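Asks: here is a sequence together with a model predicted from it:
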Amino acid sequence: RVDTVKGLVSYESLITWWYCILRTEQIKFLFVFRCVEYMNDGDTFSGPILFCDLDGTLLPHVYNTADGSLRTPTFKEGPAFPHIIQWLQLGGRLVAVTGSSPSTHTERFWDDIPRQLCGNRQVLFAVDTGASLYLQDPNGSLVEDELYFHHNFPKGCGFSTEQVQGLIDVGKDAIAEFYADLKSNPSLIKDSKLFHLRTKSQEIAPMSVPTSSDVNQFPRVELRSAGVVFVGIPVSLCERYYEARLNLLGFPMECKPAGRLCYDILPPGTGKHLVMDWVLGKAAGHEDDASAPCHAVAFGDRPKGNDAGLTARHSKGVPFVSVCELDAEVPDHVRSHHVGRNVEGAARVLAELVLQIETNGASTHIDVTAAVALAREKLLLEPCH
């Protein structure tokens, strides 16, 4: 007999597995009981769900200061922070989904949210492009949701040791070649926001590119729980330097840009869509029009990159708001909800959505199309920062 524990799960569908092992002298029985649909009981957190990328969407981009040091702004320093706090205070839910690891983004993101707004799964924190999901336990600590991992990856997740080493070698060789080319041809970098790469005037040998998760190490090859990330080459040049080398490795993988200078290498099937599928379950997808009022919305700045999974339900009740810097990087199927301007665009749309909740209540559907239209009008009147 399985009883629902009030307050354990208050809003989203959750699959819980109960294992009962009976042993005799010769036989072991494994009974698996599957309890599905711990649904919202209607009295807490009935507000809309926000699926949101972090870097470039909620978190300002990392940048180099005048003295050449690396600056990593936190969530509190971005324009979206006050609107997210209001969203949560009004009963909304936040599912943050990043390609980064918990070691870097716990401090930059999670620690900035008041603990009283994170409990009872009101805020979920997915890392490594959806490979792992974290939440706050009753003691206020950040813990991994192992049910999520075992549901999505019953046979484990990741590349073999040999495959990882091959990826590391590719990343280091490609990054070294890029900086050697940049030394002789500074015009390779055309984006003024990336001109600081030109200051790396000395040639970087493959052995000098570290394997590290330290954001202060740049460039680098970073190992994640599910894959590998190459950090150091502008996204516009990633295919030129990585693609041929990766094809020679001869095993399946999914490659997606994850930031201005980041390139994700993931096992097939991994992606941010896993988080959305887990939280919404089969309850979503009842809408067939992205312009219709909805009860969930997604934001991201890489709709053709590692945020592609968050666009999967755009026409099925979870519209995707694009805050991508470049119009050319916006897929046609989400162009109707493109705002641009990264964190500024996200903050402006969030402000409009919060206003809707304040006016109509958290239990009503939100009109994302109207919020996007108003945000576009107001952004035209605001200078870019």
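Replies: All right, it came through fine.
Asks: doesn't Asn185 make contact with Leu237?
Replies: No. Between Leu237 and Asn185 there is no contact under CB atoms under 8 Å: 11.6 Å. C-beta coordinates here come from the backbone N, C-alpha and C atoms, glycine included.
Asks: now do the contacts for Lys378.
Replies: Arg348 (CB atoms under 8 Å, 6 or more residues apart in numbering).
Asks: for it, which three-state class applies?
Replies: helix (DSSP: H, G, I helix; E, B strand; the rest coil).
Asks: and Ala176, how far from Val209?
Replies: 6 Å (CB to CB, to the nearest Å).
Asks: again with Val235
Replies: Where Val209 is concerned, Val235 sits at a distance of 18 Å (CB to CB).
Asks: these two: which has the busier surroundings?
Replies: Higher neighbour count among Val235 and Val209: Val209, with 24 against 21, using other CB atoms under 10 Å.
Asks: pretty sure that one sits against Phe218.
Replies: No. Using CB under 8 Å as the test, Val209 is too far from Phe218 to be in contact (9.7 Å).
Asks: pull up the overlap in contacts between the two.
Replies: Contacts common to Val209 and Phe218, judged by CB under 8 Å, 6+ apart, are Gly232.
Asks: who touches Leu194 in this structure?
Replies: Pro234, Arg260, Leu261.
Asks: how many residues are close by Asp327?
Replies: Asp327: 10 neighbours (other CB under 10 Å).
Asks: can you pull the pLDDT of it?
Replies: Here the pLDDT value assigned to Asp327 is 92.
Asks: my guess is it meets Val339, correct?
Replies: No. Asp327 is not in contact with Val339 according to CB under 8 Å; the separation is 10.8 Å.
Asks: list the buried ones in the longest helix anywhere in the chain?
Replies: The helix that spans the most residues within the chain, counting by DSSP state H, is helix 161-184. Neighbour-count burial for helix 161-184 flags 163-164, 166-168, 170-172, 174-179, 182 (criterion: 16 or more other CB atoms under 10 Å).
Asks: what's downstream of it, the next helix or strand?
Replies: As assigned by DSSP states H and E, the chain's next helix or strand after helix 161-184 is strand 220-223.
Asks: just the C-alphas of that following strand, formatted as PDB.
Replies: Extracted as PDB, the C-alpha positions of strand 220-223 are listed here (Å, rounded to 0.1, in the frame of the first residue of the first chain):
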ATOM      1  CA  ARG A 220      40.000  24.800 -21.600                       C
ATOM      2  CA  VAL A 221      38.300  21.400 -22.200                       C
ATOM      3  CA  GLU A 222      35.700  20.700 -19.500                       C
ATOM      4  CA  LEU A 223      34.400  17.300 -18.500                       C
END
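Asks: paired strands for the helix or strand just after that strand, with orientation please.
Replies: Using DSSP H and E, the next helix or strand after strand 220-223 towards the C-terminus is strand 228-231. Strand 228-231 has the following strand partners under DSSP bridges: strand 220-223 (antiparallel), strand 262-266 (antiparallel).
Asks: show me what the longest one is in contact with.
Replies: Contact partners of strand 262-266, identified using CB under 8 Å, 6+ apart, comprise 99, 129, 131, 167, 226-231, 233, 235, 238, 242, 246, 253-258, 305-306.
Asks: picking that back up, how far does the longest helix of the chain sit from the chain's center?
Replies: Relative to its parent chain, helix 161-184 has a centroid offset of 25 Å by CA atoms, centre = their mean, to the nearest Å.
Asks: which of the residues in stretch 377-385 are buried?
Replies: Leu379.
Asks: point out where the stretch 51-200 of the chain drops to low pLDDT.
Replies: 66, 68 (pLDDT under 70).
Asks: all helices for it, in order.
Replies: 81-89, 102-108, 146-152, 161-184 (DSSP state H, counting those that start in this stretch).
Asks: export those to a markdown table and tack on distance to Ile366?
Replies: What follows is the helices of the stretch 51-200 of the chain, written out as a markdown table (distance: least, CB to CB, whole Å):
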| stretch | distance to Ile366 |
| --- | --- |
| helix 81-89 | 10 |
| helix 102-108 | 26 |
| helix 146-152 | 26 |
| helix 161-184 | 41 |
